[in-house]
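Visitor: I'd like to go over a predicted model; first the sequence, then the structure.
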Amino acid sequence: EEEEEGGRNVLSKEHAMHIRRLQKLLRETEMQERKLRDREKELLERVDELERSIARAESGEIEYKKNVFVKYMENVSEQESLLPVVATVLKLSEQEIERIKKKRTEGSGFFSLNFL
């Protein structure tokens, strides 16, 4: 019986050590999970911030393009000086710019109209 009881003590000590190792591993895993969740939250907040920033930039860019176009259309006398700005804003090709200039010199079409 003593031998049996000694065997149980060894087993229960081994079980206790195993349980302590598992508990330590569980605490470490939970701590790592908390860190990962915190990092995930930070990253999601950063994504939201960047999306808002992009939306503001796009909104401002559209507003700028609209203002340049309106100014271009309002001031026929300034169209020549505004053409490079409009070409840049709208990313016009050289061919498109040349087409516009050609229509202007012909004195016909959309660009020859005075809207004022």
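Guide: Good, I have the coordinates. Numbers count the residues shown, from 1 in each chain.

Visitor: could you list the low-pLDDT ranges of this structure?
Guide: 1-8, 107-116 (pLDDT under 70).

Visitor: any chance you could map the helices in it?
Guide: Remark: helices assigned in the chain by DSSP state H are 2-74, 79-89, 94-106.

Visitor: quick check: the gap between residue 39 and residue 48.
Guide: Using CB to CB, to the nearest Å, residue 39 is found at 15 Å from residue 48. All C-beta atoms are positioned from the backbone trio N, CA, C, and that covers glycine.

Visitor: sorry, back to before: buried deepest among the helices of the chain, which one?
Guide: Greatest average neighbour count among the helices of the chain goes to helix 79-89 (a mean of 14), per mean count of other CB atoms under 10 Å.

Visitor: and the angle from it to helix 94-106?
Guide: Helix 79-89 and helix 94-106 are oriented at 160 degrees to each other (axes from the mean of the first three to the mean of the last three CA atoms, to 10 degrees).

Visitor: would you mind getting the angle between helix 79-89 and helix 2-74?
Guide: 170 degrees.

Visitor: give me the distance from helix 79-89 to the chain's centre.
Guide: Computed by CA atoms, centre = their mean, to the nearest Å, the chain-centroid distance of helix 79-89 equals 30 Å.

Visitor: what's that helix in contact with?
Guide: Helix 79-89 has contacts (CB atoms under 8 Å, 6 or more residues apart in numbering) with 64-65, 68-69, 71-72, 75, 92, 96-97, 100-101, 104, 111.
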